[in-house]
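*Asks:* Need coordinates for the following:
(one chain, ligands or ions: 1)
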Amino acid sequence: MNALAATNRNFRHSARILGLDSKLERSLLIPFREIKVECSIPKDDGSLATYVGFRVQHDNARGPMKGGIRYHPEVDPDEVNALAQLMTWKTAVADIPYGGAKGGIGCNPKDLSLSELERLTRVFTQKIHDLIGIHTDVPAPDMGTNPQTMAWILDEYSKFYGHSPAVVTGKPIDLGGSLGRDAATGRGCVFATEALLAEYGKSINNLKFAIQGFGNVGSWVARLIHKRGGKVVAVSDITGAVKNPNGLNIPELLAHKEKTGSLEGFHGGDDMDTTELLVHKCDVLIPCALGGVLNRDNAANVKAKFIIEAANHPTDPEADEILSKKGVVILPDIYANSGGVTVSYFEWVQNIQGFMWDEEKVNAELKKYMTRGFNNIKDTCKTHDCNLRMGAFALGVSRVARATLLRGWEA
Ligand SMILES: NC(=O)c1ccc[n+]([C@@H]2O[C@H](COP(=O)([O-])OP(=O)(O)OC[C@H]3O[C@@H](n4cnc5c(N)ncnc54)[C@H](O)[C@@H]3O)[C@@H](O)[C@H]2O)c1
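*Replies:* This is a model prediction of the structure:
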């Protein structure tokens, strides 16, 4: 089942739980606006190249739409659609005043020079500048884009509207980016893990963790768990996997990865097969890499009691069912990885206020939002007698539905 079908299924299930009427259900599902633009740029060699840019703006009942822009050869409109919808529910679960959006350009950023990437970003911004904005739609980095991409969008947009740092988040700190944004998704995920474990009378120290992915999210998750006394017994990324039943020394593993470019050959652990990571013996499994990694082929062999979905859509619906039957508790992506968009919201607030926060304030506010989010989901689960994924969807969908009804339907 692809991401759009899985998201629609979860949405429809939550709409049934909430008893939404069919008119409202249909209105919430259909995107507010879908944008497709041609982006032609001169290449460095003088030839002309044309790319297609997308932006799906899903819903704005609760505030400006918010979501990433990805540069990827297979930017698939269906997937962008699903991700835009997920952002609507995710911002509502986090209780930040945003709707959802997602976008991208069908290109391979590795095939483009820095100046070609800059031209492409500026042309895309020129094509959509009147459809994004501080109070309309606020893009952020995603796969294949980064703070530099946001800096170019900010610069191009500001040519039309004057200095507008709040039009994008995930910017470089020098242009109004927030302290703590880099670590935010990983840190938020660890706060979410603490809230879940506390519910079961457990804490991070003394538990064993396996982490798939050692990029931005995975490396921060590993670092913060290690700091809290948790044992990270296995880590994998695209370069390999490493294990140590007594716990890996994460600062040393980070230094090894930095020096050699690979997880393999680390003196403080043993190399293992990357496919073993998801079924490795541990208490808590944290997928921080790709979607669909937990599926009917491996779900029955998962040993973890808890799964924290740091990646987007790591568990496909079949695996979800198998794992639930085994009694595995899954903390769903729309809540577990919402720390990034929450600190993006703090960045937007700081830009609008023209007053920047120190990192302690960012982290303390993030903890408040993540803890409150978990408690809200837990209450929703009790009310509707459902699991955490459905609780999170029902919470997000009910908030958007209420906002929609309050605004009314009159044209
Ligand atoms: N960065 C954020 O703020 C953010 C926010 C919300 C959700 N997410 C989601 O979290 C996930 C990770 O994002 P990121 O920003 O850390 O990306 P990243 O590109 O920094 O890291 C991805 C990691 O996954 C690893 N990986 C790729 N293929 C793998 C494989 N087959 N087996 C094991 N590891 C593999 C890579 O080596 C890398 O370590 C994605 O699903 C992303 O959508 C990220």
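
*Asks:* who's in contact with the spatially closest residue to Tyr157 that is not a sequence neighbour?
*Replies:* Of all residues not flanking Tyr157 in the chain, Val167 sits nearest, at 4.9 Å (Cβ to Cβ, 6 or more residues apart in numbering). Glycine gets a C-beta too; all of them are placed from N, C-alpha and C. With contact taken as Cβ atoms under 8 Å, 6 or more residues apart in numbering, Val167 is in contact with 132-134, 138-139, 153-154, 157-158, 161.

*Asks:* Format those residues as JSON lines; extra columns: pLDDT.
*Replies:* JSON lines is the format used below for those (pLDDT from 0 to 100):
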{"residue": "Ile132", "pLDDT": "98"}
{"residue": "Gly133", "pLDDT": "98"}
{"residue": "Ile134", "pLDDT": "98"}
{"residue": "Val138", "pLDDT": "98"}
{"residue": "Pro139", "pLDDT": "98"}
{"residue": "Ile153", "pLDDT": "98"}
{"residue": "Leu154", "pLDDT": "98"}
{"residue": "Tyr157", "pLDDT": "98"}
{"residue": "Ser158", "pLDDT": "98"}
{"residue": "Tyr161", "pLDDT": "98"}
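
*Asks:* and those residues near the ligand, which?
*Replies:* Residues of the contacts of Val167 in contact with the ligand (Cβ under 6 Å from any ligand atom): none.

*Asks:* Sort out which one of these lies nearest Ile322 for me.
*Replies:* Proximity of these to Ile322, judged by Cβ to Cβ, is greatest for Pro139, which lies at 36.6 Å.

*Asks:* dump the residue contacts of that closest one.
*Replies:* Contacts of Pro139 (Cβ under 8 Å, 6+ apart): 67-69, 101, 103, 132, 150, 153, 167-169.

*Asks:* so of the residues you listed, which ones are in helices?
*Replies:* 150, 153 (DSSP state H).

*Asks:* After the host helix or strand of Ile225, which helix or strand is next? Please name it.
*Replies:* Element membership of Ile225 [criterion: DSSP states H and E] is helix 216-227. Following helix 216-227 in sequence order, the next helix or strand is strand 231-237 (DSSP H and E).

*Asks:* for the record, mean pLDDT for that next one?
*Replies:* Strand 231-237 comes out with an average pLDDT of 98.

*Asks:* ok, now stretch 400-409?
*Replies:* The average pLDDT within stretch 400-409 is 94.

*Asks:* swap in stretch 242-249?
*Replies:* pLDDT averaged over stretch 242-249 gives 98.

*Asks:* returning to that earlier point: need the contacts of Pro139 in JSON lines (columns: distance to His256).
*Replies:* Below are the contacts of Pro139 laid out as JSON lines (distance: Cβ to Cβ, whole Å):
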{"residue": "Gly67", "distance to His256": "35"}
{"residue": "Gly68", "distance to His256": "30"}
{"residue": "Ile69", "distance to His256": "33"}
{"residue": "Ala101", "distance to His256": "39"}
{"residue": "Gly103", "distance to His256": "36"}
{"residue": "Ile132", "distance to His256": "41"}
{"residue": "Met150", "distance to His256": "31"}
{"residue": "Ile153", "distance to His256": "36"}
{"residue": "Val167", "distance to His256": "39"}
{"residue": "Val168", "distance to His256": "34"}
{"residue": "Thr169", "distance to His256": "32"}
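
*Asks:* if you look at the contacts of Pro139, which of them are in strands?
*Replies:* In this view, the contacts of Pro139 that belong to strands under DSSP state E are 67-69, 101, 103.

*Asks:* Kindly indicate which of the residues you listed lies nearest Thr274.
*Replies:* Gly68 (26.0 Å).

*Asks:* So the closest one is in contact with Thr145, correct?
*Replies:* Yes - the pair Gly68 and Thr145 qualifies as a contact (Cβ atoms under 8 Å) at a distance of 7.3 Å.

*Asks:* Name the residues of the stretch 101-250 of the chain found near the ligand, please.
*Replies:* Counting by Cβ under 6 Å from any ligand atom, the stretch 101-250 of the chain sits next to the ligand at 185, 212-218, 236-238.

*Asks:* How far away from the center of its chain is stretch 169-186?
*Replies:* 15 Å (Cα atoms, centre = their mean, to the nearest Å).

*Asks:* pLDDT on it, on average?
*Replies:* 97.

*Asks:* re earlier: neighbour-wise, which of the ones in strands among the contacts of Pro139 leads?
*Replies:* Ala101 (35 neighbours; other Cβ atoms under 10 Å).

*Asks:* pretty sure Ser344 is in a helix, no?
*Replies:* Yes - checked against DSSP: H, G, I helix; E, B strand; the rest coil, Ser344 lies within a helix.

*Asks:* Could you check how far it is from the ligand?
*Replies:* 8 Å (Cβ to the nearest ligand atom, to the nearest Å).

*Asks:* could you list every residue that touches the residue nearest to that residue when sequence neighbours are not counted?
*Replies:* Nearest non-adjacent residue to Ser344, counting by Cβ to Cβ, 6+ apart: Thr169, 3.8 Å away. Residues in contact with Thr169 (Cβ under 8 Å, 6+ apart) are 66, 138-140, 150, 177-178, 181, 344-345, 347-348.

*Asks:* can you put these in TSV and add distance to Asp95?
*Replies:* TSV is the format used below for the contacts of Thr169 (distance: Cβ to Cβ, whole Å):
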residue	distance to Asp95
Lys66	13
Val138	17
Pro139	21
Ala140	18
Met150	24
Gly177	23
Ser178	18
Arg181	19
Ser344	14
Tyr345	10
Glu347	17
Trp348	15
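
*Asks:* For Cys288, state which of these is nearest.
*Replies:* Arg181 (16.9 Å).

*Asks:* which other residues reach the helix or strand in which Glu25 is found?
*Replies:* Assigned by DSSP H and E, Glu25 belongs to helix 22-29. With contact meaning Cβ under 8 Å, 6+ apart, helix 22-29 is reached by 8, 11-12, 15, 20, 59, 85, 397, 400-401, 404-405.

*Asks:* Check the offset of that helix from the chain's centre.
*Replies:* 25 Å.

*Asks:* Near the residue lying closest to Ala311 once chain neighbours are set aside, how many other residues are there?
*Replies:* The shortest distance from Ala311 to any non-neighbouring residue, by Cβ to Cβ, 6+ apart, is to Pro287 (4.8 Å). Pro287: 29 surrounding residues under other Cβ under 10 Å.
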